[in-house]
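In: No letters, just coordinates:
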C-alpha cells in the first residue's frame, strides 16, 4: 500500500479533483456540475486520500451517525487504482465510533463488489423490501439551478 494520508471534512478536500473525476470518468455522475459536487459534500462525511498533498481518492457518507449510512461517490484516480487507496478510505470510515454502531450501511456499485465484500458488504438480504426512486440523470437537469444551501 502507498503511504497515504487520510483527511476528513469538506474543507480539506480538493473539490476540483473530485469534480473532474466524477464529471469526466465516473459512470454514475458523468457531466455533473461543480456546484452539485460541492453542495453534495456539505451534508456528508467526506474522506480524502492524499499522496504528497495531492488528492488521489475520495468517498463520502450520507449519515445520521446513529442508525444509517449511505456510501457515495467513492473514487480513486486511475493511476492510483489497485494500490489499496480505496481500502484505506473504507477502513478509516468503518473504524469511526459512530460507524461501529450503525444498524445499516448501504451503497450501490456496478463494478467494485469484491472490494466492498472485503469489508463485509453483502447482497441485500431481502431485495423485495428495498424500494427506490431512481433519477440517474437528475444532476444534468438541475446543474445550474441549485439553491445556495438547504435548510430544514
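Out: All right, it came through fine. Since we're looking at a predicted model, the values are computed, not measured.
In: and the residue sitting furthest away from the middle of the chain, helix, strand or coil?
Out: In the chain, the residue that sits farthest from the middle, by CA atoms, centre = their mean, is residue 128; the gap is 25.2 Å. For residue 128, the assignment made with DSSP: H, G, I helix; E, B strand; the rest coil gives helix.
In: Return the distance of it relative to residue 95.
Out: Distance of residue 128 to residue 95, computed by CB to CB, to the nearest Å: 33 Å. Using the backbone N, CA and C atoms, a C-beta is placed for each residue, glycine as well.
In: from memory residue 7 sits against residue 53, does it?
Out: No. Contact criterion CB atoms under 8 Å: residue 7 and residue 53 do not qualify, at 10.0 Å.
In: Show me which of these two is the more surrounded one.
Out: residue 7 (17 against 8; other CB atoms under 10 Å).
In: May I ask you to confirm that that one belongs to a helix?
Out: No. Read with three-state DSSP, residue 7 is strand and lies in no helix.
In: any idea which element the residue nearest to it when sequence neighbours are not counted lies in?
Out: Among residues not flanking residue 7 along the chain, residue 48 sits closest, at 4.9 Å (CB to CB, 6 or more residues apart in numbering). Using DSSP states H and E, the element containing residue 48 is strand 45-51.
In: other SSEs contacting that strand?
Out: If you count contacts as 3 or more CB pairs under 8 Å, 6 or more residues apart in numbering; DSSP states H and E, strand 45-51 packs onto strand 5-8, strand 54-63, helix 85-94.
In: all helices for this protein, in order.
Out: Along the chain, counting by DSSP state H, helices occupy 15-24, 34-42, 85-94, 97-100, 113-117, 138-141.
In: what about those helices, which gets the closest to residue 107?
Out: Nearest to residue 107 among the helices of the chain is helix 113-117; the distance by CB to CB comes to 6.8 Å.
In: Remind me what that closest one packs against, helices and strands.
Out: Applying 3+ CB pairs under 8 Å, 6+ apart, we find helix 113-117 packed against helix 85-94.
In: Buried residues, the helix it packs on. List them.
Out: 85-90, 92-94 (16 or more other CB atoms under 10 Å).
In: just checking, what packs against it?
Out: If you count contacts as 3+ CB pairs under 8 Å, 6+ apart, helix 85-94 packs onto strand 5-8, strand 45-51, strand 54-63, strand 68-76, helix 113-117.
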